[in-house]
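Q: any chance you can model this:
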Amino acid sequence: MDISDHHMTDVGIIRPDVHIEVHVKSQSTAKRSEVRTHVLSLLDRHSTVLGSYTWTEFDDEFLAKNVESVSVADLTGPKLVDLKVHNLCIHIFSLNDDSPSMLALEEEEELSAANHWLLPAAEFHGIWESLIYEEGIKTQLLDYVSTTIFFSDRNVDSNLIAWNRVVLLHGPPGTGKTSLCKGLAQKLSIRLSGRYAHSQFVEINSHSLFSKWFSESGKLVTKMFQKIQELIDDKDALVFVLIDEVESLTASRSAAQAGTEPSDAIRVVNSVLTQLDQIKRHPNVVILTTSNVTEKIDLAFVDRADIKQYIGPPSASAIFHIYLSCLEELMKRHIIYPRQQLLSLEELGTMNFMESDVTRLSLTLRNLAQRSVGLSGRALRKIPFLAHALYGKSSTLTVEGFLKAMERAVDKQRQEQASLVNCV
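A: Got it, this is the predicted structure:
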């Protein structure tokens, strides 16, 4: 099931959905129906899971040969889940290993301001899971796009109930807005694989667009959207269009009106807005946009967005989970050794955050997360690398030694941040 009615029990109780994502090996020639049968058998044998769970090793010879992983996806918290009382939505996919291509506008020329991927792409694999925000943000975005497709499939009259298939993510730099757009498109290409035979992702860079093409009076912009229209014309394809730093549209239009940019610039901006209005009418397109400077976004564009989601710097709890995922990865790679159990915030909460031999390291990590508030998501992901590069005195460190190195790396990042502010 991708988008369909929820299954109900005989007494009319809705069975909530649980999504199972099955990553098939790229060299596998197995039929999807066979994969599904073996996955259902696996889930029947292991019907109780602790939150989101992933199998990567299988006793079943067929699964071992054909499948990379089976994941119970997007469940929050460490609670036990009985799969037998849920409606299982099984999504079977393999990844495209191709590098992004550039959309060719003319035979002699290639468009450097737009890249094109086939989804799900190997390059985007794991992005969604790596992004940690306040609870609900990712789920809301998934639900929003799912509903746009559902309403379109049911031919809901958009004159009566309005939606534009436009998402705007705004907030300070380094909070993962662009990555979230890529992860969202990847996740939906998997979730909707039963509805669409394939998915495409086109990323337009606003800065490149305007710096290169002012002199062309919007002609090349129109050509670019004609290429996107060709992708949309394939009704078996779901097309995602990403416009990064969409405030560039506003900046260009304001500069043109103020006379500081060629008057031609305003035609480029208006051309983009007109083209967006044309493609958003199609049921198989989703327009994703980001902005680092919320107050500079063109009101004409803001009105087009159905979802306007602020993406701010990570909270202390989000930072804790980011660091925890980093430490788990380093333990898996034996860069931190020996492996030691680190507790989640929920588990620490059940122990009232009291210090003991069991909680000591996890509480140290919690304190480190609180000291790291204010750093961007991009900076936080670099902390473990900087800790090892600058303060790791051996190739392998204990968890305790690594946490001390991370503390020094956080202090260094804060000093550098303060120096940059003082310079400005």
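Q: can you show me the helices along the stretch 251-400 of the chain?
A: Assigned by DSSP state H, counting those that start in this stretch, the helices in the stretch 251-400 of the chain fall at 264-279, 299-302, 316-332, 345-350, 360-371, 377-391, 399-423.
Q: tell me which of those lies nearest to residue 76.
A: Ranking those by distance to residue 76, with Cβ to Cβ as the measure, places helix 345-350 first at 10.0 Å. All C-beta spots, glycine's among them, are computed from the backbone N, C-alpha and C.
Q: any idea of the mean pLDDT for the closest one?
A: Across helix 345-350, pLDDT averages out at 93.
Q: now swap in stretch 71-87 and tell me
A: So the average pLDDT for stretch 71-87 ends up being 86.
Q: one step back: got JSON lines for the helices of the stretch 251-400 of the chain, with distance to residue 139 and mean neighbour count too?
A: JSON lines is the format used below for the helices of the stretch 251-400 of the chain (distance: least, Cβ to Cβ, whole Å; neighbours: other Cβ atoms under 10 Å):
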{"stretch": "helix 264-279", "distance to residue 139": "26", "mean neighbour count": "19"}
{"stretch": "helix 299-302", "distance to residue 139": "23", "mean neighbour count": "15"}
{"stretch": "helix 316-332", "distance to residue 139": "15", "mean neighbour count": "18"}
{"stretch": "helix 345-350", "distance to residue 139": "18", "mean neighbour count": "14"}
{"stretch": "helix 360-371", "distance to residue 139": "23", "mean neighbour count": "18"}
{"stretch": "helix 377-391", "distance to residue 139": "18", "mean neighbour count": "18"}
{"stretch": "helix 399-423", "distance to residue 139": "30", "mean neighbour count": "15"}
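Q: out of these, which comes closest to residue 152?
A: Using Cβ to Cβ, the helices of the stretch 251-400 of the chain put helix 264-279 closest to residue 152, at 13.7 Å.
Q: what is the closest one packed up against?
A: Other helices and strands packing on helix 264-279, by 3 or more Cβ pairs under 8 Å, 6 or more residues apart in numbering; DSSP states H and E, are helix 206-213, helix 219-232, helix 247-258, strand 285-291.
Q: out of these, which gets the lowest mean score?
A: helix 206-213 (a mean of 62).
Q: name the helix or strand for residue 38, please.
A: helix 32-45 (DSSP states H and E).
Q: each with direction, which strands does the helix or strand following that helix pair with?
A: Using DSSP H and E, the helix or strand that directly follows helix 32-45 along the chain is strand 48-50. For strand 48-50, the paired strands and their directions (DSSP bridges) are strand 80-82 (antiparallel).
Q: how far away from the center of its chain is the partner strand?
A: In terms of Cα atoms, centre = their mean, to the nearest Å, the centre of strand 80-82 is set 26 Å apart from its chain centre.
Q: could you list the domains of this structure?
A: As given by automatic domain parsing, the domain ranges for the chain are 17-93, 101-310, 316-423.
Q: among those, which is the most enclosed?
A: Among the domains of the chain, domain 101-310 has the highest mean neighbour count (mean count of other Cβ atoms under 10 Å), at a mean of 18.
Q: end to end on it, go ahead and measure it.
A: 30 Å (Cα to Cα, to the nearest Å).
Q: just to revisit the earlier point, the domains of the chain: lowest mean pLDDT?
A: domain 101-310 (a mean of 83).
Q: got the contact list for the residue most central in space within the chain?
A: Residue closest to the mean C-alpha point of the chain, counted by Cα atoms, centre = their mean, is residue 183 at 2.4 Å. Taking Cβ atoms under 8 Å, 6 or more residues apart in numbering, we find residue 183 in contact with 124, 127, 128, 130, 131.
Q: who touches the last one in this structure?
A: The reference is to residue 131. Taking Cβ under 8 Å, 6+ apart as the test, what residue 131 contacts is 138, 176, 179, 180, 183, 377.
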